[in-house]
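> structure for this input, please:
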Amino acid sequence: MRKRILVVSDLHLGGTPGSDSGVGFQMCSTEGQLRLVAFFDWATAQAQAQPQGIDLVIAGDIVDFIAEESDEVSNPLTLDQEQAVRKLDAIFARTPPVWSALGRFLATGAGLVLTIGNHDVELCLPRVRQRLFEKLGPGRIEFLYDNQALNYGPVLIEHGNRYDRWNAVFHEPLRRARSLLSRGLMAPVVPVQPGSKLVVDVINPIKRHLAFVDLLKPERAGVLPLLAFLCPVIWLHSGHAIREVLRAAVRQHDQAGEPLDPDRIANHAEMPFEDEKMFRAAFEFALGHDLDQVSANDTRARPPFWERNQRGINDLELKMLHRALVALVARHKLTFAVDREDPEYLVPACERARHFKIVVFGHTHLVKRVELDNGAIYLNTGTWADLMRMPPEALENTQDGLDALRVLASDLLGNRLDHWRKLVPTFADIQLDHGESVEEADVWFFDEKRQPAKVDTSSLHRRLA
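Numbering: from 1, shown residues only. From the prediction side, this is the model:
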């Protein structure tokens, strides 16, 4: 029998929507949620014709616990199960059509497979997982955690964060914590992913003023100079601790991108030179001058971007913003090239392709289809959260570029983002013959007409224009 696998990832359901009284924490917008409901209903229609032959896979970052603010202490990982369940219930309460649509899909008899990513780690906790199953209701559901990947014969599917030194989850300490929690005992401390710490300590506080920082995904070194420019005080307060957390995590990957045992991570490993450069640049931006000219203990900092520019944005501010954006774009220069991938993910994808014909990741929020040297195919399922593309003209070091950057900066400062943030929801569609040979494997937009449309670099550029 033919097998069809529909794969989405990085839904990032959660966070309060914006309002007149302030910037929201919602990553998957109202329109994104409506499109997601339509996609699930489209998948339901496919399953009604072939219910036993279709699986829907949601490959991590289904919900976003880090985007959930509450009266309780905000943590990169919420091990208090009661608090985690309250956060999940708050997500359910704001996104009911999405879960109803998943219920309709399950009612066909088709299979639903869920895996965790790095923003929804709490889903693996016993009470949280139970609450998720209660919400989904009856059906053919499989839930993968403990660093387990999903495979269908020649197809391998995983979130992909395990190959990202900033966002790899420490699964073994997490497994021990979950074991104790299941017995009603206190959980030990689980090491924090540097990327999650960056979100909680730096990005979320800035996001209360500037909504666009939500779109700087994934949370890695390239965003550091921009964050430090936007709020020097927050960066100087948190930057050294984030660097130490990254140093403690950096040796969890071998040269092939494969994670090592988290319990053997060196506490003072050397970071890659490019990451060190980004940290250094971030401290320079925060202090407003060359790092060699100040004491390492100097914590003097300028006011945040939204306070410095209340009366307009001067040319010096624009030049510093230009430098920060150029650093960001340089670290993510392959962002919108659909047929090319960052080596951090491509190297492990090639390793996996020694045993699989199709390798599917999510995590990066960037849709990809790359043909590998051995004839295998690497797919990335992108995201259902909004994307943002910096206008190329604003990165030019000319007067016209400065003028374009001034327009962009003014809109970012005023949280006028409708022109800059775009919904570009994507998914993978993989079809197998008798579960053995690959008939088709590709990535698709789910477009405004609620129908699939082919993805390529030119079509992605048009949708982001």
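> so Thr115 touches Gly60, yeah?
Yes: using Cβ atoms under 8 Å, Thr115 makes contact with Gly60 at a distance of 5.1 Å. C-beta coordinates here come from the backbone N, C-alpha and C atoms, glycine included.
> overlap of the contact sets of these two?
Here Thr115 and Gly60 share the contacting residues 158-159, scored by Cβ atoms under 8 Å, 6 or more residues apart in numbering.
> how about the strands in the stretch 1-150 of the chain?
3-8, 54-59, 111-115, 140-144, 150-152 (DSSP state E, counting those that start in this stretch).
> how about the CA coordinates for the fourth one, as PDB?
Extracted as PDB, the C-alpha positions of strand 140-144 are listed here (Å, rounded to 0.1, in the frame of the first residue of the first chain):
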ATOM      1  CA  ARG A 140      -4.100   7.000  16.200                       C
ATOM      2  CA  ILE A 141      -1.400   9.200  18.000                       C
ATOM      3  CA  GLU A 142       2.300   8.600  18.400                       C
ATOM      4  CA  PHE A 143       4.500  10.900  20.500                       C
ATOM      5  CA  LEU A 144       8.300  10.800  20.300                       C
END
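> same for that strand, what does it pack against?
On a contact count with 3 or more Cβ pairs under 8 Å, 6 or more residues apart in numbering; DSSP states H and E, strand 140-144 meets strand 111-115, helix 126-136.
> quick one, that strand and strand 54-59 angle?
Relative orientation of strand 140-144 and strand 54-59, computed by axes from the mean of the first three to the mean of the last three Cα atoms, to 10 degrees: 30 degrees.
> could you list the buried residues of the lengthiest strand in the chain?
Secondary structure of the chain per DSSP state E: the longest strand is strand 437-446. Across strand 437-446, burial judged by 16 or more other Cβ atoms under 10 Å covers 438, 441, 443-446.
> reformat the residues you listed as CSV; add distance to Arg86 and pLDDT.
Listed next are the buried residues of strand 437-446 as CSV, based on distance: Cβ to Cβ, whole Å; pLDDT from 0 to 100:
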residue, distance to Arg86, pLDDT
Val438, 43, 90
Ala441, 40, 94
Val443, 36, 96
Trp444, 36, 97
Phe445, 35, 96
Phe446, 31, 96
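> I'd like those residues as a markdown table, with distance to Asp41 appended.
Shown next, in a markdown table, are the buried residues of strand 437-446 (distance: Cβ to Cβ, whole Å):
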| residue | distance to Asp41 |
| --- | --- |
| Val438 | 27 |
| Ala441 | 23 |
| Val443 | 20 |
| Trp444 | 16 |
| Phe445 | 17 |
| Phe446 | 11 |
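> so what does the top helix by length along the chain touch, helix or strand wise?
Determined from DSSP state H, the single longest helix within the chain is helix 30-49. When contacts are defined as 3+ Cβ pairs under 8 Å, 6+ apart, helix 30-49 sits against strand 3-8, strand 54-59, helix 96-106, strand 437-446.
> any chance of these in JSON lines, plus distance to Asn314?
Output for the helices and strands packed on helix 30-49, formatted as JSON lines (distance: least, Cβ to Cβ, whole Å):
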{"stretch": "strand 3-8", "distance to Asn314": "44"}
{"stretch": "strand 54-59", "distance to Asn314": "45"}
{"stretch": "helix 96-106", "distance to Asn314": "44"}
{"stretch": "strand 437-446", "distance to Asn314": "40"}
